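Asks: Below are the sequence and a predicted model; questions follow.
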Amino acid sequence: MEKASIFSAAGLPLPGLARPPAPACPHPATRAPRAPEGEACARLYPAPAALAGALVAVVCRDIRGLGLTDAQRLSHFCASPLLALSWFQDFEVGVVRERGGQPCWTPYGASVVLSGSQSHPFTSWAPSAGRGGMVCMTADAVRALFGLDPSTLQDRFVPAHGLLGRAWWPFLDALVAAPDDAATLAVLAQHLGPRWQAQAGQQGGMASLRRLGRHWVERLAFQAHQWRLTHSPRQVERRIKAHSGRSLREWQGLVRTESLFFAARDRHAAGQPFDWANLALEHGFSDQAHMTRASRRITGFTPTDFARRYQEDESFWVYRLWV
């Protein structure tokens with residue numbers, strides 16, 4: 001028997017259907033060991049050929065049948081300049097935050113969600129298992145594909161069916177209904193590929209994941225330089241925020257910290273110890289304390305705590321998949 005869904009065909013809660021009381025969720029800092037089969041259930045794909053240059057990556061994950069505990073169903077995400085289109089099949093997902101020392105779970109309330117760039121790390125949680133994924137995009141791609149102003153989505157999670165309108169419902173519904181990863185990639189190519197080819201298909205491919213954030217911020221800095229030729233510094237700063245949602249300095253801090261994560265991962269893979277003081281200087285931080293503050297701001301954890309959780313905790317699966 002198929003599992004009943006609280007969502008309508010439009011991906012929104014069914015009217016008149018009483019939502020059950022919110023389940024007790026774990027604290028976002030709760031630790032839980034990696035599941036033996038957990039790594040195999042999450043996969044990262046490059047953009048389909050028809051969407052090269054539009055999508056940064058596609059993440060798919062299916063945790064049905066893994067028997068994960070409540071704490072293992074936590075997922076940690078860092079602050080990021082990327083926007084995401086996320087979908088959830090057979091389960092409900094939401095954000096967990098600490099309020100008054102207690103965890104508070106706020107479900108997204110939809111089967112497909114558009115989220116903007118995030119200035120703070122966040123933790124999601126699901127009270128049950130299911131299959132889902134997310135399409136990661138730059139602000140430029142979201143503007144070209146969906147005609148949206150990316151700054152209006154900053155630090156928000158918005159039901160996609162209501163935001164995009166009925167013309168997009170066949171695409172969104174097909175995304176949720178896709179039975180496997182191959183079908184998901186096919187849906188993206190079928191519904192988004194022609195639009196991208198028509199509007200922005202000549203822009204070429206994006207940089208690798210390791211270079212993506214820095215590549216995009218470098219382009220933003222070049223745009224700022226061009227604006228400075230005809231505008232005052234204050235006007236340029238306002239333009240950058242209107243264009244991208246944040247200041248150029250904030251974006252540069254994000255990608256500097258991201259490069260630190262990649263470097264630390266390389267050291268671990270080579271069997272070398274973490275020399276945080278030298279890593280801090282090598283990646284543009286004034287000292288180790290500066291690096292630690294940046295790490296807390298981007299991930300919510302100190303570099304040492306982050307490294308430990310990255311290796312040991314199931315909830316850090318996104319970081320391991322991406323890096």
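Replies: Sure, I can see it.

Asks: from the chain's centre, how far out does stretch 25-35 sit?
Replies: Centroid displacement of stretch 25-35 relative to its chain, using CA atoms, centre = their mean, to the nearest Å, is 19 Å.

Asks: shaky segments in the stretch 101-250 of the chain?
Replies: Residue ranges of the stretch 101-250 of the chain with pLDDT under 70: 200-229, 231, 233, 235-236, 239-250.

Asks: what about the most centrally placed residue in the chain, distance to residue 124?
Replies: The residue lying closest to the centre of the chain (CA atoms, centre = their mean) is residue 84, at 5.6 Å. As judged by CB to CB, to the nearest Å, residue 84 and residue 124 stand 11 Å apart. Bear in mind the C-beta positions are built from the backbone N, C-alpha and C, glycine included.

Asks: what about the strands in the stretch 151-300 of the chain?
Replies: Here the stretch 151-300 of the chain has its strands, by DSSP state E, counting those that start in this stretch, at 157-159.

Asks: Read off the pLDDT value for residue 292.
Replies: As predicted, residue 292 sits at a pLDDT of 87.

Asks: in the stretch 201-323 of the chain, which spans are helices?
Replies: Listed in chain order, the helices found in the stretch 201-323 of the chain under DSSP state H, counting those that start in this stretch are 209-228, 233-244, 248-269, 276-282, 288-299, 303-312, 317-322.

Asks: ditto for the stretch 1-150 of the chain
Replies: Using DSSP H, counting those that start in this stretch, helices in the stretch 1-150 of the chain cover 139-146.

Asks: what is residue 106 paired to in the beta sheet?
Replies: residue 95 (DSSP bridges).

Asks: wait, doesn't it sit right on residue 99?
Replies: No. In this structure, residue 106 is not within contact of residue 99 by CB atoms under 8 Å, at 10.0 Å.

Asks: more crowded one of the two?
Replies: Taking neighbours as other CB atoms under 10 Å, residue 106 and residue 99 compare with residue 106 leading, 13 against 7.

Asks: Could you list which residues are in contact with that one?
Replies: 94-97 (CB atoms under 8 Å, 6 or more residues apart in numbering).

Asks: which among those residues gets closest to residue 187?
Replies: Comparing the contacts of residue 106 against residue 187 with CB to CB places residue 94 closest, at 24.0 Å.

Asks: what about residue 127, neighbour count?
Replies: Neighbourhood size, residue 127 [other CB under 10 Å]: 17.

Asks: ok, for residue 310, nearest residue in space, not its chain neighbours?
Replies: residue 316 (5.1 Å; CB to CB, 6 or more residues apart in numbering).
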